[in-house]
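Colleague: Below: sequence and its predicted model.
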Amino acid sequence: MKATYKKSLFLLLAVVVSFIFGWFGHYYIVMLKDRKEASLVLAQHSLKKDNLRRAMLREIKKFKGEAAVFIKDLNSGWEFTHNGTTLFPAASLAKIPIMVASFLAAQEGRLKLDRVITLKSSYKLPGSGFLKAMPAGSSFTVEKLIGLMIYESDNTATNIVTNIVGVDYINSICKKLGLRDTVLSRRVADYALRDKGIENYTTAQDIATLLEKIYRKELGINISERCLGIMKLTRINDRIPKYLPASVTIAHKTGLEQGICHDAGIVFCYPNDFIIVVLTKHHNSYSNDSKEFIARVAQQAYLHLAKQ
């Protein structure tokens with residue numbers, strides 16, 4: 001009886017031990033497989049990033065002008081930068097910090113977004129936008145002017161908003177947000193002062209820093225979502241969006257002056273949303289080559305980052 005009991009106990013223990021070892025063996029194999037697959041995915045990601053870096057350098061080498069490029073994968077934190085801290089005339093990219101400063105000023109009670117502004121002839125500036133053609137006496141809320149400043153890149157709207165918020169306040173906000181080299185020295189479309197050497201400056205890295213703060217809701221959910229909502233309405237789509245699928249959402253802002261052509265924005269292709277900022281100085285006619293360069297850089301970034 002005892003011998004039978006011992007034999008049964010031994011068999012039971014043997015089964016339990018076999019099960020435990022089998023389970024651990026299976027778990028170990030699965031773990032190794034998962035690790036191998038994870039390593040393979042990381043290697044593929046690394047290869048894509050290396051390929052993107054080479055593609056960026058090829059595009060930059062072909063471009064006949066001076067360029068700054070800053071790209072950041074908002075999922076992994078990977079960055080590509082070329083002349084990221086080099087100063088460039090801001091052109092209409094200055095309207096992004098003006099927008100941010102305006103909403104922060106409203107939050108602080110310095111201005112009311114529903115305040116109605118009556119258009120005067122003295123407010124009008126040349127260049128982009130349709131307010132310059134509107135009759136004096138037309139009225140708009142401050143919030144509407146902020147929108148026109150971004151999605152229509154309206155210089156007259158920018159002039160009005162800048163006068164309300166104040167250049168000193170805008171510059172103080174830039175410093176507060178860590179934009180080290182961004183400074184507003186004149187109205188965006190004051191070409192007379194520009195010809196005298198008074199310029200608004202920024203860098204690709206500064207603009208990328210501000211865009212990331214907006215993306216990560218670091219300005220507060222309300223302000224960040226308002227900024228993104230307005231930038232998603234941008235109607236000038238001949239640069240970053242040009243070669244991207246129409247289904248892709250892009251929040252961006254262009255900049256264009258004589259010899260200057262920029263675009264900066266956030267491309268939403270979850271889970272690999274990314275920031276792209278491209279600034280250029282050039283001598284090409286009508287900025288066509290610069291626009292094409294920016295479009296090609298955006299296309300390469302999308303091909304290498306969007307689907308991983």
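Modeller: Cool, got the structure. As the structure is a prediction and not an experimental result, all values here were calculated from the model.

Colleague: what's the burial count for His282?
Modeller: 20 (other C-beta atoms under 10 Å). Every C-beta, even on glycine, is put in place using the N, C-alpha and C of the backbone.

Colleague: So for it, what's the pLDDT?
Modeller: Looking at His282, its pLDDT stands at 95.

Colleague: That one and Lys64 touch, don't they?
Modeller: Yes - using C-beta atoms under 8 Å, His282 is in contact with Lys64, at 7.1 Å.

Colleague: Make sure Thr234 is indeed in a strand.
Modeller: No - counting by DSSP: H, G, I helix; E, B strand; the rest coil, Thr234 is not part of a strand but coil.

Colleague: so what's it closest to, chain neighbours aside?
Modeller: Excluding its sequence neighbours, the residue lying closest to Thr234 (C-beta to C-beta, 6 or more residues apart in numbering) is Tyr151, at 5.0 Å.

Colleague: Count the neighbours of that neighbour for me.
Modeller: Using other C-beta under 10 Å, Tyr151 is surrounded by 17 other residues.

Colleague: Report the contact partners of it.
Modeller: With contact set as C-beta atoms under 8 Å, 6 or more residues apart in numbering, Tyr151 has these partners: Ile230, Met231, Leu233, Thr234, Arg235.

Colleague: Phi and psi next, for the spatially closest residue to the second one that is not a sequence neighbour.
Modeller: Right, the one you point to is Met231. Leaving aside its chain neighbours, Met231 sits nearest to Ala251 (3.7 Å; criterion: C-beta to C-beta, 6+ apart). With angles defined as degrees, to the nearest 10, Ala251 sits at phi -110, psi 110.

Colleague: bridging residues for Ala251?
Modeller: Counting by DSSP bridges, Ala251 forms beta bridges with Ile266.

Colleague: And it, how close does it get to Leu303?
Modeller: 20 Å (C-beta to C-beta, to the nearest Å).

Colleague: out of the two, which sits in the busier spot?
Modeller: Ala251 (21 against 15).
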